[in-house]
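Q: Okay, sequence plus prediction incoming.
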Amino acid sequence: MSVGETPITIVGNLAADPELRFTTGGDAIARFSVASTPRTYDKATGQWRDGTAMFLRCTAWRDLANHVAESLTKGTRVVVTGRLRQHNWQNEQGENRSMLALEVDDIGPSLRFATAKVERVQRNGAASGPATDAWSTAAPAAAGAAKGSGSGFSEEPPF
């Protein structure tokens, strides 16, 4: 991580299945949105109240992108760490636009309300079976068929 970068961790649910694509150079890129909704307990009514949902666009690259596309689906509760990036562009009317997105460093399913079976990935991409220790947190290897479009692009366009 470079000096001055903004690292964050977000917990939320995938808003849709990750979209896996490939750059013209062959690098995998997975894009997805994480919806994070704050909840507060209202003592007066004895009920939980949902706040306003925040949707954050996320991008994962290379092997991580393949693992995300293979392992995670819409609705999965995830814990995502990464670096905030600001994207600036002009629309067709010449108006300046910007948005924040998360460049993903690591992601995994939240185990607060679910369980997961973890498989190690060997360098050749083959899964080696269930993990045998607490430090084995790699997702299952991509098994060939990738979700999403295979159309390529050379640069990351704005979302």
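A: Perfect, I can see it now.
Q: which residues of this protein fall in strands?
A: Here the chain has its strands, by DSSP state E, at 7-14, 19-22, 28-36, 39-42, 47-50, 54-61, 77-90, 96-109, 119-121, 127-130.
Q: Now mean neighbour count too, for those strands, in a markdown table please.
A: Quick note: C-beta positions are derived from backbone N, CA and C, even for glycine. Shown next, in a markdown table, are these (neighbours: other Cβ atoms under 10 Å):
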| stretch | mean neighbour count |
| --- | --- |
| strand 7-14 | 15 |
| strand 19-22 | 18 |
| strand 28-36 | 21 |
| strand 39-42 | 9 |
| strand 47-50 | 9 |
| strand 54-61 | 18 |
| strand 77-90 | 15 |
| strand 96-109 | 16 |
| strand 119-121 | 18 |
| strand 127-130 | 12 |
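Q: how distant is stretch 34-49 from the center of its chain?
A: Distance of stretch 34-49 from its chain centroid, counting by Cα atoms, centre = their mean, to the nearest Å, is 24 Å.
Q: hmm, who's touching that stretch?
A: Stretch 34-49 is contacted from outside by 10-15, 50-56, 58, 78, 80, 102, using Cβ atoms under 8 Å, 6 or more residues apart in numbering.
Q: on that earlier part again, adding distance to His67 as columns, could you present the strands of the chain in CSV?
A: Formatted as CSV, the strands of the chain follow (distance: least, Cβ to Cβ, whole Å):
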stretch, distance to His67
strand 7-14, 14
strand 19-22, 10
strand 28-36, 9
strand 39-42, 29
strand 47-50, 30
strand 54-61, 8
strand 77-90, 12
strand 96-109, 8
strand 119-121, 7
strand 127-130, 11
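Q: and of those strands, who's closest to Ser71?
A: Nearest to Ser71, of all the strands of the chain, is strand 96-109, at 7.6 Å by Cβ to Cβ.
Q: can you give me the end-to-end distance of stretch 17-30?
A: Across stretch 17-30, the terminal residues are separated by 10 Å (Cα to Cα, to the nearest Å).
Q: actually stretch 16-28, sorry about that
A: Length of stretch 16-28, first residue to last, Cα to Cα: 18 Å.
Q: Please apply the same query to stretch 11-25.
A: 32 Å.
Q: avg pLDDT for it?
A: For stretch 11-25, mean pLDDT rounds to 96.
Q: May I ask you to confirm that Thr76 is in contact with Gly12?
A: No - in this structure Thr76 lies outside contact range of Gly12 using Cβ atoms under 8 Å: 9.9 Å.
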